[in-house]
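Colleague: With the sequence up front, the predicted model follows.
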Amino acid sequence: MSKDRPTLGVDGTVLPTLPPMRDARVWARLVRVMFYTPGFLALLLLKVGEPTGFGVSVELFMLASATAIVGGLFIGSQSDAAGADHASRIGTCSGALVLEFLAVVPLLCAVPSLFHELANSELLHAAAPGAVPVALGASQFIPAAAILPFMLYQLAGFGTLHCVVPNRVNWLINLCILALIVGANTANRHADFRAEKACVGLLVVGLVVLVFYAVLKLKRLQTLYDTHLPSKPPKHPEVAG
């Protein structure tokens, strides 16, 4: 059974609430998935190379794939052994922030427009003589539903960001992410690629700033926690003679 973390420091300082300990092995496996899957999709789209709307999708997939490596570097720095510094104690949580916002969000943003382009590409779907085109209708929005479990993950307290920012700010950030993803995909469906790039650019810049702030804030919280953490009593106290 895990022990509760102390809430008061040696001098009565209220210790900050840190993210719960996470299994680095699980996140390391996610790094492999997030590296290979978007990377493969990007290479596939580059080989096809016809639809205009693939441009932003390729860039988002490459961002997700490359960022997974950076997330792996953070996760690999995790250490709770003797001599571990403040940064190494939050390696997994920092890597989780990188993966959540700079790998998963770009992937979720690119998938709906990717499906729309693949479904409507004249190069990939050459019409047979006498064939009647069939509109996909509302089923085109099925891939976009993947954003909803991610929002639940973030807003229900499973994510890492809620330990860094207040609850209202967490809601605001995630609703802005949702609005920009919806805006980018709406612009893609209307072939307004300038507006799509503007939404995606704003999304990526905002996510980069968010990850920088969150990782540095986590390190400050961990430093404060370690500085004021009460010392542990010896496991085998000496018996007075």
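Modeller: Sure thing, it's come through. Residues are numbered from 1 along each chain as shown.

Colleague: Next one: the residue nearest the centre of the chain from residue 179, what distance?
Modeller: For the chain, the residue nearest the mean C-alpha position is residue 100 (1.3 Å; Cα atoms, centre = their mean). From residue 100 across to residue 179, the span is 18 Å (Cβ to Cβ, to the nearest Å). C-beta: built from backbone N, CA, C; applies to glycine.

Colleague: and what of residue 61?
Modeller: For residue 61, the distance to residue 179 - Cβ to Cβ - is 22 Å.

Colleague: what's the burial count for the closest residue to the residue nearest to the centre of the chain other than its chain neighbours?
Modeller: Spatial nearest neighbour of residue 100, excluding adjacent residues (Cβ to Cβ, 6 or more residues apart in numbering): residue 159 at 6.1 Å. Applying other Cβ atoms under 10 Å, we find 21 residues neighbouring residue 159.

Colleague: Identify the residues contacting the nearest residue to residue 87 once chain neighbours are set aside.
Modeller: Leaving aside its sequence neighbours, residue 87 sits nearest to residue 219 (Cβ to Cβ, 6+ apart; 5.8 Å). Contacts here follow Cβ atoms under 8 Å, 6 or more residues apart in numbering; on that basis residue 219 touches 86-87, 90, 94.

Colleague: Kindly recompute the last result at 10 Å.
Modeller: 85-87, 89-90, 93-94 (Cβ atoms under 10 Å, 6 or more residues apart in numbering).

Colleague: Can you spell out which helices and strands pack onto the least confident helix or strand in the chain by mean pLDDT?
Modeller: Using mean pLDDT, DSSP states H and E, helix 105-120 stands out as the lowest-scoring helix or strand of the chain, at a mean of 82. With contacts taken as 3 or more Cβ pairs under 10 Å, 6 or more residues apart in numbering; DSSP states H and E, helix 105-120 sits against helix 24-48, helix 54-76, helix 147-155, helix 167-189, helix 193-228.

Colleague: relative to helix 24-48, how tilted is that helix?
Modeller: Interaxial angle of helix 105-120 relative to helix 24-48 (axes from the mean of the first three to the mean of the last three Cα atoms, to 10 degrees): 30 degrees.

Colleague: Would you mark the buried spots in helix 105-120?
Modeller: 105-118, 120 (16 or more other Cβ atoms under 10 Å).

Colleague: Show me which of the residues you listed is closest to residue 171.
Modeller: Using Cβ to Cβ, residue 105 comes nearest to residue 171 of these, at 15.8 Å.

Colleague: What distance do you get for the closest one to residue 192?
Modeller: 21 Å.
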